[in-house]
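Novice: Structure for the following, please:
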Amino acid sequence: MRASDEMTIGNLARRTGLAVSAIRYYEEQGLVHPERNSGGQRRFRRSDIRRLSFVKIAQQFGYTLPKIANLMATLPEGRTPTKRDWEKISRSFRRTLDKQILTLEQMRDNLDGCIGCGCLSLKKCRLYNDQDRAARLGPGPRYMMGDRPKDLD
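Specialist: Next up is the predicted model:
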């Protein structure tokens, strides 16, 4: 790494808005891989700004650190990731976000019918689960999550 491409952990913290302790933690999790200078101090690449910014964004969308680490494992370590490298991650990220958006839209639309209903019509309520029939579909409020009971259609 050229000296002009090196950053101290303090400078990286200022550039990303992360605490130094968070950067050290992300290093422990394998999300960044600084080199050490002759004095043993960490030296980060300028490209680590983008890597850690991606971590912050992905966490805001509910990604766990292990999932983020799996995505970032596809990035090269010996060079700055290219646009093509980031596009590979972006496709996967976009598919997940599209699913989350669809789920949120369905929940919003289903709740529109619930607000103010007072559950006067339990047969049509998406929260109502007569005889726990939705259990076979999985955990959680299955009908609100998009599963369709035959008697609500």
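
Novice: so is the residue nearest the centre of the chain in a helix, a strand, or just coil?
Specialist: Compute the mean C-alpha point of the chain, and by CA atoms, centre = their mean the closest residue is Y63, 2.5 Å away. Counting by DSSP: H, G, I helix; E, B strand; the rest coil, the backbone at Y63 sits in coil.

Novice: Are we agreed that I23 is in a helix?
Specialist: Yes: under three-state DSSP, I23 falls within a helix.

Novice: circling back to that earlier point, could you check how far the residue nearest to the centre of the chain is from L97?
Specialist: Distance of Y63 to L97, given as CB to CB, to the nearest Å: 10 Å. No exception for glycine: its C-beta is placed from N, CA and C like everyone else's.

Novice: For R43, see how far away the closest residue to R24 other than its chain neighbours is.
Specialist: In this structure, R24 finds its nearest non-sequential neighbour in I9, 7.4 Å apart by CB to CB, 6 or more residues apart in numbering. Here the criterion is CB to CB. By it, I9 lies 9 Å from R43.

Novice: Check which helices and strands the helix ranked longest in the chain is in contact with.
Specialist: Counting by DSSP state H, the longest helix found in the chain is helix 83-114. Other elements packing on helix 83-114 under the criterion 3 or more CB pairs under 8 Å, 6 or more residues apart in numbering; DSSP states H and E are helix 47-60, helix 65-72.

Novice: What average pLDDT does the longest one get?
Specialist: What it means is helix 47-60. In this model, helix 47-60 has an average pLDDT of 90.

Novice: which SS class is G39?
Specialist: When classified by three-state DSSP, G39 comes out as coil.

Novice: Report all helices and strands that the helix or strand where A13 lies contacts.
Specialist: Element membership of A13 [criterion: DSSP states H and E] is helix 9-16. Contact here means 3+ CB pairs under 8 Å, 6+ apart; on that basis helix 9-16 packs against helix 20-28, strand 42-45, helix 47-60.

Novice: right, and I9 touches A19 too?
Specialist: No: the criterion here is CB atoms under 8 Å, and I9 misses it with A19 at 10.3 Å.

Novice: out of those two, which sits in the more crowded spot?
Specialist: Of the pair I9 and A19, I9 is the one with more neighbours under other CB atoms under 10 Å, namely 20 against 10.

Novice: before we move on, back to that, look up phi and psi at the residue nearest to the centre of the chain.
Specialist: For Y63, the backbone dihedrals are phi -70, psi 140 (criterion: degrees, to the nearest 10).
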